[in-house]
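>>> From the sequence below, what's the structure:
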Amino acid sequence: MRLTVLGCSGSVGGPGAACSGYLFAAPGEQPVLVDCGPGVFGELMRVADPDNIAVVLSHMHADHCLDLPAMLVWRRYAPPGPAPEKAPLYGPSGVATRIGAASSEYPGEIDDISDTFDVHEWSDGMEITLGGLRIQALAVDHPPETYGMRITGPDGHVVAFSGDTGPCDELIDVATDADLFLCEASWTHDPATRPEHLHLSGIEAGEAATKANVKTLAITHVAPWCDAETILAEARSTFSGPVELVRQGQIFHF
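Predicted coordinates for the structure are as follows:
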């Protein structure tokens, strides 16, 4: 299994930095894109055929989903014509309406995306097999309906993806014994800048990694206005294993 980081900027993009997008690929299988925030589709075109991509979304905040209308345009109109098959799309309740509203040409109307995407909605604990991967979605603590994901490759290696979340028991369930914990840490532990039930600090990401007994913690979703090195130092103060800061273009092999 290979994981390519197409984007990892938190909340908004930055100069040369796409928002959340992670491409998983198992040998001989359809690649699976986890989240598709602004800037991700252009990065996807560097490494994969947009006509042959499955998509799973953690939640419907703009920084995690709003490059999907670009994929829709590509799959409908790029030569030699419409994509030969619909793309599997899994997301929270109302995913087709949310993406259809963003794609519509007219105010108040919803683009019917069913010509391009085969849409399915997550439920808590739901498990699917897609692109040779086993993916389990677990609801976490974030204002809209949001899912962390536990992704198991063909050889049994596990990548845990936090989605966006505050501290919660479900996050530990997502990450337990994972080989790689792809975990958001959107700010430092300063209480003045850290509302509850929204995101993790570096300290909280490290604490979650320790409770879950993960092998490696990879910090992601750091906002451009935050000090990434401070967040990284916080995570290292509460997790004794390997900790790194996720970078756009980074590739993990399992």
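>>> quick one, helices of this structure?
40-47, 62-65, 68-77, 95-103, 169-175, 202-212, 228-238 (DSSP state H).
>>> Now render these as CSV, adding distance to residue 88.
Any C-beta I mention is one placed from the backbone N, CA and C, and that applies to glycine too. CSV is the format used below for those (distance: least, Cβ to Cβ, whole Å):
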stretch, distance to residue 88
helix 40-47, 15
helix 62-65, 15
helix 68-77, 12
helix 95-103, 12
helix 169-175, 21
helix 202-212, 28
helix 228-238, 33
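>>> Pull the number of nearby residues for residue 68.
Residues near residue 68, counting by other Cβ atoms under 10 Å, number 28.
>>> got the contact list for it?
Neighbouring residues of residue 68 by Cβ atoms under 8 Å, 6 or more residues apart in numbering: 36, 41, 55, 57, 89, 99, 102, 103.
>>> wait, which of those residues is closest to residue 162?
Using Cβ to Cβ, residue 57 comes nearest to residue 162 of the contacts of residue 68, at 14.1 Å.
>>> Identify the bridge partners of the nearest residue to that closest one once chain neighbours are set aside.
Nearest non-adjacent residue to residue 57, counting by Cβ to Cβ, 6 or more residues apart in numbering: residue 91, 3.7 Å away. Under DSSP bridges, the beta-bridge partners of residue 91 are residue 121.
>>> mind listing the strands in the stretch 51-200 of the chain by residue range?
For the stretch 51-200 of the chain, strands defined by DSSP state E, counting those that start in this stretch occupy the ranges 54-56, 87-91, 117-121, 127-130, 133-139, 147-152, 158-161, 180-184.
>>> most neighbours per residue, which of these?
Burial of the strands of the stretch 51-200 of the chain is given as mean neighbour count (mean count of other Cβ atoms under 10 Å); strand 180-184 ranks first at a mean of 28.
>>> Which residues does that one contact?
With Cβ under 8 Å, 6+ apart as the test, strand 180-184 has contacts from 3, 10, 22, 157-165, 175, 199-200, 205, 208-209, 212, 214-221, 246, 252, 254.
>>> again, only using 7 Å
Strand 180-184 has contacts (Cβ atoms under 7 Å, 6 or more residues apart in numbering) with 10, 22, 159-162, 164-165, 175, 199-200, 205, 208-209, 212, 214, 216-221, 246, 252.
>>> now the contacts of residue 68 in TSV, with pLDDT and distance to residue 147?
Putting these into TSV (pLDDT from 0 to 100; distance: Cβ to Cβ, whole Å) gives the following:
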residue	pLDDT	distance to residue 147
36	98	15
41	98	21
55	98	14
57	98	8
89	98	14
99	98	16
102	96	20
103	97	22
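>>> of all the residues you listed, which comes closest to residue 139?
In terms of Cβ to Cβ, no member of the contacts of residue 68 lies closer to residue 139 than residue 57, at 13.5 Å.
>>> Touching, the closest one and residue 95? I think so.
Yes: in terms of Cβ atoms under 7 Å, residue 57 counts as a neighbour of residue 95; the distance is 6.3 Å.
>>> So between those two, which is more surrounded?
residue 57 (28 against 24).
>>> got a list of what the more buried one touches?
Residue 57 sits next to 35, 64, 65, 90, 91, 92, 95 when contact means Cβ under 7 Å, 6+ apart.
>>> Please render those as a markdown table that adds pLDDT and distance to residue 149 to the earlier fields.
Formatted as a markdown table, those follow (pLDDT from 0 to 100; distance: Cβ to Cβ, whole Å):
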| residue | pLDDT | distance to residue 149 |
| --- | --- | --- |
| 35 | 98 | 10 |
| 64 | 98 | 12 |
| 65 | 98 | 14 |
| 90 | 98 | 10 |
| 91 | 98 | 12 |
| 92 | 98 | 12 |
| 95 | 98 | 15 |
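>>> Good, we can wrap up now.
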